[in-house]
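K.L.:
Let's see this in three dimensions:
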Amino acid sequence: MIDRRSIAQRLGPMQATSGNRPSEGITLPTVVGWVLIGLICLLVIALLLPAPGSGPPSIRSQCRNNLKQLALAMHNYHDIYHCFPPPYIADKNGRPIHSWRALLLPFLDLRPLYAQYRFDEPWNGPHNRKLAEKPVDEFRCPADTGRGTDSSYFAVVGANTVFPGAGPVRIKDITDGTVKTILLVEAADSGINWLEPRDLSYVEAVRGINPKSGWGISSHHKGGGACVVFADGSADVLRDDIPVEQLQLLLERNDGHEVSRPDY
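P.N.:
From the prediction side, this is the model:
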């Protein structure tokens, strides 16, 4: 005869143990936890991945950034000397011998190069011509196809521009407003060394953007146009079809005429 009490006694501890043992299956809190971890991982990956359509900055963007850095350097120069640098320094005979680019070197984190430059000889003197052989990326658009030591960025020299000649100009002299007055322009294939005290004349600049004849404001950017930076430090792209009259007013600092800034 089966002793039920004996069986119960034998099964009792097993049932108790089985009933009190935590379940080894997947519980709801476990599922929720893994889901949260998965969502966090996806969020981190999404933040690390570049946005759609993004990637390395375009050459046009790099060019604009170069011009912004030059404008910032000019403003830092102005903070110390209370004027923008002149387009050139002339010798006693009025011959340009040093460029504004040489004057800006300390304000572009290029002090070692500036320390090597000698102002007691022309830019192409026996010592300085060795420095002229060194490419300086800050003065060159990545799209330019000329020599690596040529400059892509220029002052526009003219009586009513920010660079009227050997004499410097102050911000307060820009009576048309810094936001509507061009400070520096881009010009491709210049053949002008970055240390050479030679820039774009007003006559050359008002030929238009990417003129069909003659050298002027120009670039090799895909889609046309050319970059400029205004006296307030903001850079823009001027399209090839900008009216010459509008370009003239943007280049002049004190003409007193209202002009709309291109909105591209």
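
K.L.:
Quick check: the gap between the residue nearest in space to the middle of the chain and Lys212.
P.N.:
The centroid of the chain falls nearest to Asn65 when counting by CA atoms, centre = their mean (1.0 Å). Taking CB to CB, to the nearest Å as the measure, Asn65 falls 29 Å from Lys212. All C-beta atoms are positioned from the backbone trio N, CA, C, and that covers glycine.

K.L.:
related to what we said a few turns ago, so which elements touch the host helix or strand of the residue nearest to the centre of the chain?
P.N.:
Using DSSP states H and E, Asn65 falls within helix 59-81. With contacts taken as 3 or more CB pairs under 8 Å, 6 or more residues apart in numbering; DSSP states H and E, helix 59-81 sits against helix 100-104, strand 153-154, strand 182-186, strand 226-230, strand 235-238.

K.L.:
Strand 182-186 and that one, what's the angle between them?
P.N.:
140 degrees (axes from the mean of the first three to the mean of the last three CA atoms, to 10 degrees).

K.L.:
got the contact list for the closest residue in space to Val203 that isn't next to it in sequence?
P.N.:
The shortest distance from Val203 to any non-neighbouring residue, by CB to CB, 6 or more residues apart in numbering, is to Gly158 (7.8 Å). The contact partners of Gly158, taken as CB atoms under 8 Å, 6 or more residues apart in numbering, are 164, 201-203, 205, 251-252.

K.L.:
do the same with Phe154
P.N.:
184-187, 190, 192, 199-200.

K.L.:
and if you look at Trp100?
P.N.:
Shown in contact with Trp100 (CB under 8 Å, 6+ apart): 85-88, 155, 163, 197.

K.L.:
Let me have those residues in a markdown table, extended by pLDDT and neighbour count.
P.N.:
A markdown table is the format used below for the contacts of Trp100 (pLDDT from 0 to 100; neighbours: other CB atoms under 10 Å):
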| residue | pLDDT | neighbour count |
| --- | --- | --- |
| Pro85 | 97 | 23 |
| Pro86 | 97 | 22 |
| Pro87 | 97 | 27 |
| Tyr88 | 97 | 24 |
| Ala155 | 98 | 25 |
| Phe163 | 98 | 25 |
| Pro197 | 98 | 22 |
